[in-house]
Structures are given as C-alpha cells and as structure tokens.
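Student: based on what follows, work out the 3D shape:
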Amino acid sequence: MIQHGGNGFFQNTCIDFSANINFLGIPDLVMQAARSGLMAAVQSPQESSGSLEEHIAQWEGVEPAHVFCSNGASEVVKGLVQVLQPKKALLPAPGFEEYLRPLSMVQCGITYYYTKEEDDFLIPLDDFLAHITQDIDLVFCCNPNNPTATLYDQEFLQQVLKRCEQTNTMLALDECCLDFVENAQALSMHEKNADKRLFIIKDFTKMFAMPGIRLGYGLCTDRALIEKLRGNLQPWCVSSVAKKAGIACTKEQEFVQKTVQETAKERVWLLEQLNQIGIGKVKGEANMIFFKSRPGLHAFGMMHGIILRDCSNLEGMPQGYYRIAVRSREENEKLIEVLKQWQSQS
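Tutor: Residues are numbered from 1 along each chain as shown. Now for the predicted structure:
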C-alpha cells in the first residue's frame, strides 16, 4: 500500500507538515461555491464537465478541447494509463509513487531511473535521454519533483519531450505543485501548440487546500486522446460540489499570487532556520522542503505534535530523508522548536 502525507487520524493532535497543502486554506468564495454545489447534490451531476472545462481552459490559456477533468489527479493518471495501455514505463526514482498503482493495473512493466544521493537526486539530462528508448511507451516526470524538491527548467523538459517525440513515447508531466513557484508560467510546459506527446497533470487540491473535494485535470493538444479519456470515464465522475468549487478556483488569481508570495517568504525563513540548527542537505522549492536527518525523526515529531513525511518507503530513497510542507509562521516556529530538540539529542 502506497503511503502519502496527510493523516487525518492525528490532525486534531498534531500539526500536519506531511501534506503539501496551502496553509492559507480554502478561499472563501471557493467554499461558498462548494456549498452551492452541495445544495445541488440532490440531483446527479451532469455527465459532461462542460462549463468547468471552459473555465479551466481560460485559466490555463488553452482550448477547452484540450482539457480533461476527473475526480483528482490520481484519477487523471489512471484514465491516461487505461487509455494508453503502455507496455513499459520509465519513472525517475525516488519520486512520487502514485503512478505505480494504475501502471500495475494494466500489467505495465516499470523501469526506474535511479538518481543518486551524491548528486542531490538530480537527473543528468544526457543519461536520462539515453534511457528513453523505442520500447518505452510512457515517461513520468514531476516538476518540481516530489519529494526531492528538484525544479527543472523548460530547456531540460523540452529536451526530454524532444526525445519522446523521436521514440514515439508519451511524456506525462506532473505540474501539481508548480503553481507555488514564483515564476511558474515561465517553467510550465503547457501551451496551445504543445506537442501531442505531452500530457500535463494538474489539480486544485494543493493550491486551494481542498484534497477532500476531488478535482484534477489533464492538458493535451491531442484531441483524439482527450476524447478517448472522456469516453473512458464512469458517469458522474466529477461531483456537483467539485464542479462548482473548480469554477470558483479559476477566478482566484489574487489568492494564487498571495499564496506564492507568502509561501516564498515562509520557505526562505524555514530554509534559514534549518541550516542554522544543523539540518543537512536542505532543499526547498514550491511549498515543499526536503532534508536529511537520521532515522527516527518521524516518530519523535509525532510525540511532540508534528507530522513529517518520512520518505524512506520510496523506491530508491536512502534512510533519513524527510519532506515537510511550508506552513504559517506560527506553525513553522513550532516545527523548528521540535527539530531543535531533536538535534540536541544527536
């Protein structure tokens, strides 16, 4: 069973740094929209996402025909894999492992590209490109990479996409955390004329703090693929609550800008504090920070009211690495106090 950040059982007694959720919470207008969707829940939602796709298309600057909506990014990935039926997929490791479940459901062979601890888990471009061969049907990349907080620029990803074009391989690019990055638009690969071999995965979960309202979407210029994805959906896949909330999200540009600014400020503060108290190999991008300590920190944190993401269960990850989300200053200060106690025991 794949383990994720976020553990509702302990959220009443601990501050949850294990899930990369916006610490500003759900915007008021999005919450109001979700409530209006709940009022409409006495009827089945329309099978076509319709207006939601149009709003997302305007939000992303693409055509509605290039948008595929489902109930969460994980279902978007599942739908893509079910339609493509890949025989072999390439995944950088360590990385986000929720891609494994749908791949295993279609008996897809998985090849890992292992990044190295001594290289800060960076992907060396030329060697990675050499591993994208004719027999690779699907490549997954996450930008920024989760959990290692590695951010790749467009030049790197353009080279990966170019190689995928040469080998007739689909590139599934997960940009779910990219909206937290200061220059996200300059780094994103989505555009009206993007290559048909590129499929971008996004959601509203993290930015708008609504993981309980399942809504994710994919972007691809291959209209035939989008139509297949829509045709493969179960009826009523996106709830009336998710549709209303999602449309409201696309009107929250100011909230996104505020989030990016506040997140950057708190991330810089956290990085400075972690370095000062002697935490090793610290990296931070978007709303996540990745660092190395020693085994046992997760249990210690739980005992002191803090939940961190212990990354040791990820493929290719050595012991002692952790990921934390950027949260409010008050919460971040409590985290640093706990880590100071932990460091004093070393």
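
Student: now do the strands in the stretch 101-250 of the chain.
Tutor: Using DSSP state E, counting those that start in this stretch, the strands of the stretch 101-250 of the chain run over 109-114, 138-142, 170-174, 198-203, 216-219.

Student: for the ones you listed, which one sits closest to residue 58?
Tutor: With C-beta to C-beta as the criterion, residue 58 lies closest to strand 216-219 of those, at 12.7 Å. C-beta coordinates here come from the backbone N, C-alpha and C atoms, glycine included.

Student: per-residue pLDDT, residue 38?
Tutor: Looking at residue 38, its pLDDT is 86.

Student: what packs against the longest helix along the chain?
Tutor: The longest helix of the chain (DSSP state H) is helix 253-276. Judged by 3 or more C-beta pairs under 8 Å, 6 or more residues apart in numbering; DSSP states H and E, helix 253-276 is in contact with strand 280-285, strand 288-292, helix 329-344.

Student: circling back: want to throw the strands of the stretch 101-250 of the chain into JSON lines with mean neighbour count and mean pLDDT?
Tutor: Formatted as JSON lines, those follow (neighbours: other C-beta atoms under 10 Å; pLDDT from 0 to 100):
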{"stretch": "strand 109-114", "mean neighbour count": "15", "mean pLDDT": "98"}
{"stretch": "strand 138-142", "mean neighbour count": "24", "mean pLDDT": "98"}
{"stretch": "strand 170-174", "mean neighbour count": "24", "mean pLDDT": "98"}
{"stretch": "strand 198-203", "mean neighbour count": "25", "mean pLDDT": "97"}
{"stretch": "strand 216-219", "mean neighbour count": "25", "mean pLDDT": "97"}
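
Student: among those strands, which is nearest residue 24?
Tutor: Smallest distance to residue 24 across the strands of the stretch 101-250 of the chain (C-beta to C-beta): 16.8 Å, for strand 198-203.

Student: just the CA trace of that closest one, in CSV.
Tutor: Provided in CSV are the C-alpha atoms of strand 198-203 (Å, rounded to 0.1, in the frame of the first residue of the first chain):
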residue,chain,number,x,y,z
LEU,A,198,3.0,15.8,-23.9
PHE,A,199,0.3,15.3,-21.3
ILE,A,200,0.3,17.6,-18.3
ILE,A,201,-1.3,16.6,-15.0
LYS,A,202,-2.7,19.3,-12.7
ASP,A,203,-5.2,19.6,-9.8
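
Student: just the buried positions in the one helix or strand in the chain whose mean pLDDT sits lowest, please.
Tutor: Least confident element among the helices and strands of the chain, by mean pLDDT, DSSP states H and E: helix 184-187 (a mean of 90). Residues of helix 184-187 classed as buried: residue 187 (neighbour count, 16 or more other C-beta atoms under 10 Å).

Student: please compute how far it lies from its chain's middle.
Tutor: Put simply, helix 184-187 sits 15 Å off its chain's centre (C-alpha atoms, centre = their mean, to the nearest Å).

Student: repeat that for stretch 181-197.
Tutor: Taking C-alpha atoms, centre = their mean, one finds the center of stretch 181-197 at 15 Å from the center of the full chain.

Student: endpoint to endpoint, that stretch covers what distance?
Tutor: For stretch 181-197, the first and last residues are 25 Å from each other (C-alpha to C-alpha, to the nearest Å).

Student: let the chain start at 9 from now.
Tutor: Done: numbering now begins at 9, and the last item shifts to stretch 189-205.

Student: contacts for that stretch?
Tutor: The contact list for stretch 189-205, computed with C-beta atoms under 8 Å, 6 or more residues apart in numbering, reads 68-71, 74, 151-152, 159-162, 165-166, 169, 172-173, 176-179, 181, 183, 186, 206, 208, 227-230, 233, 268, 272, 293-294.

Student: same thing with stretch 29-41?
Tutor: Where contact means C-beta under 8 Å, 6+ apart, the residues beyond stretch 29-41 that reach it are 14, 42, 188, 213-219, 252-253, 255-257, 259-260, 263, 266-267, 270-271, 274, 295, 333-336, 339.

Student: ok, stretch 273-280 next?
Tutor: With C-beta under 8 Å, 6+ apart as the criterion, stretch 273-280 contacts 31, 290, 292, 295, 297, 332, 334-337, 340, 343-344.

Student: just the buried members of the residues you listed?
Tutor: 31, 290, 292, 295, 297, 332, 334-335, 340, 343-344.

Student: list just the nearest of those to residue 319.
Tutor: residue 332 (10.6 Å).

Student: skipping its backbone neighbours, what lies nearest that closest one in space?
Tutor: Spatial nearest neighbour of residue 332, excluding adjacent residues (C-beta to C-beta, 6 or more residues apart in numbering): residue 25 at 4.2 Å.

Student: show me what contacts that neighbour?
Tutor: 314-317, 332-333, 335, 339, 343.

Student: export the residues you listed to TSV and tack on secondary structure and pLDDT?
Tutor: TSV is the format used below for the contacts of residue 25 (DSSP: H, G, I helix; E, B strand; the rest coil; pLDDT from 0 to 100):
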residue	secondary structure	pLDDT
314	strand	96
315	strand	96
316	coil	96
317	strand	96
332	strand	98
333	strand	97
335	coil	98
339	helix	98
343	helix	98
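
Student: which of those lies closest to residue 49?
Tutor: residue 333 (30.4 Å).
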